[in-house]
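*Asks:* What follows is a predicted structure for the sequence shown.
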Amino acid sequence: DTGVSQDPRHKITKRGQNVTFRCDPISEHNRLYWYRQTLGQGPEFLTYFQNEAQLEKSRLLSDRFSAERPKGSFSTLEIQRTEQGDSAMYLCASSLAGGFHNEQFFGPGTRLTVL
Amino acid sequence: QQPVQSPQAVILREGEDAVINCSSSKALYSVHWYRQKHGEAPIFLMILLKGGEQKGHDKISASFNEKKQQSSLYLTASQLSYSGTYFCGTEGSGTYKYIFGTGTRLKVLA
């Protein structure tokens, strides 16, 4: 399967713990996005990368959130000192930069539950 | 600011038509439409660029009026498979940051 993959698919953690999620984009895609989605809401933009450069980060994102894409391929999203409000689906998407086409392909998501 | 979609929810019978609107308060470079089924990731439907173009994909088409900063998605002769939540995604000029709309839940009944 050559789609976007995310790991883990589900994560249950206790408040205060750190968690890290991984996203593997489609191999030739140089843009990678992270979103957070809560029930009944649309995906909320967190950050995006073009290759290894993090070009934009949501102002809604607290300092507890950090993302990396060290070699321009896979990306990790870390949440430190998790809070119950962090419980959500975390979606990763990738796209091919260039031209006008920025169709995003989404991964299956990582569902985080903070107890 | 998040684009506003209307209606929030709609119920159709198979074969009926529907229109979903997406309105932004900011100038738009492009509008994307996605459908998301419960428990699944969003699936891309189509992209519209400024210029007022209209696109079609099977029995789903869309228009984009950049002057009004609005886009509409047209679903004709709806099928059961059209059920899901539809989101518009907007992209401003000079950024590839996506902002998704408030969503429209669509249910098609047999």
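*Replies:* Yes, it's here. Residues are numbered from 1 along each chain as shown, chains lettered A, B, ... in the order given.
*Asks:* On the pLDDT front, check residue 83 for me.
*Replies:* The chain I'm using is chain A. Per-residue pLDDT puts residue A:83 at 96.
*Asks:* wait, chain B
*Replies:* 96.
*Asks:* Spit out the contact partners of the nearest residue to it once chain neighbours are set aside.
*Replies:* Leaving aside its sequence neighbours, residue B:83 sits nearest to residue B:108 (C-beta to C-beta, 6 or more residues apart in numbering or on different chains; 4.9 Å). From N, CA and C alone the C-beta is placed, and that goes for glycine too. Residue B:108 sits next to B:11-14, B:16, B:78-83 when contact means C-beta atoms under 8 Å, 6 or more residues apart in numbering or on different chains.
*Asks:* And residue B:108, which helix or strand is it part of?
*Replies:* In the assignment (DSSP states H and E), residue B:108 maps to strand B:104-109.
*Asks:* That strand pairs with which strands, parallel or anti?
*Replies:* strand B:9-13 (parallel), strand B:84-91 (antiparallel) (DSSP bridges).
*Asks:* Now the residue nearest the centre of chain A: closest residue in space that isn't a chain neighbour?
*Replies:* Residue closest to the average C-alpha location in chain A (C-alpha atoms, centre = their mean): residue A:34, at 3.1 Å. Of all residues not flanking residue A:34 in the chain, residue A:46 sits nearest, at 4.3 Å (C-beta to C-beta, 6+ apart).
*Asks:* how far away is that neighbour from residue A:84?
*Replies:* 18 Å (C-beta to C-beta, to the nearest Å).
*Asks:* wait, which of the contacts of residue B:108 is closest to chain A?
*Replies:* For the contacts of residue B:108, the minimum distance to chain A (C-beta to the nearest C-beta) is 15.6 Å, reached by residue B:83.
*Asks:* Does that closest one touch residue B:104 like I think?
*Replies:* No - contact criterion C-beta atoms under 8 Å: residue B:83 and residue B:104 do not qualify, at 11.6 Å.
*Asks:* okay, the two: which has more neighbours?
*Replies:* Comparing residue B:83 with residue B:104 by other C-beta atoms under 10 Å in any protein chain shown, the one with more neighbours is residue B:104, at 23 against 17.
*Asks:* In the sheet, which residues pair with that one? Tell me.
*Replies:* residue B:86.
*Asks:* per-residue confidence at it?
*Replies:* For residue B:104, pLDDT reads 97.
*Asks:* Compare neighbour counts for residue A:46 and residue A:84 and give me the winner.
*Replies:* residue A:46 (20 against 9).
*Asks:* Please report the distance of that one from residue A:22.
*Replies:* Look at residue A:46 and residue A:22: by C-beta to C-beta, they are 15 Å apart.
*Asks:* Quick one: low-confidence residue ranges for the chain.
*Replies:* Since you didn't name a chain, this refers to chain A. Segments of chain A classed as low confidence (criterion: pLDDT under 70) are A:1, A:98-101.
*Asks:* actually it's chain B I care about, not the one you picked
*Replies:* For chain B, the stretches flagged by pLDDT under 70 are B:51-57.
*Asks:* Please, where are all the strands along it?
*Replies:* B:4-6, B:9-13, B:18-23, B:30-36, B:43-49, B:54-57, B:60-65, B:70-75, B:84-91, B:98-100, B:104-109 (DSSP state E).
*Asks:* closest to residue A:58 out of the ones you listed?
*Replies:* Ranking those by proximity to residue A:58 (C-beta to C-beta) places strand B:98-100 first, at 9.9 Å.
*Asks:* hmm, who's touching that closest one?
*Replies:* Contacts for strand B:98-100 (C-beta under 8 Å, 6+ apart): A:33, A:35, A:42-45, A:48, A:104, B:1-3, B:32, B:34, B:87-92.
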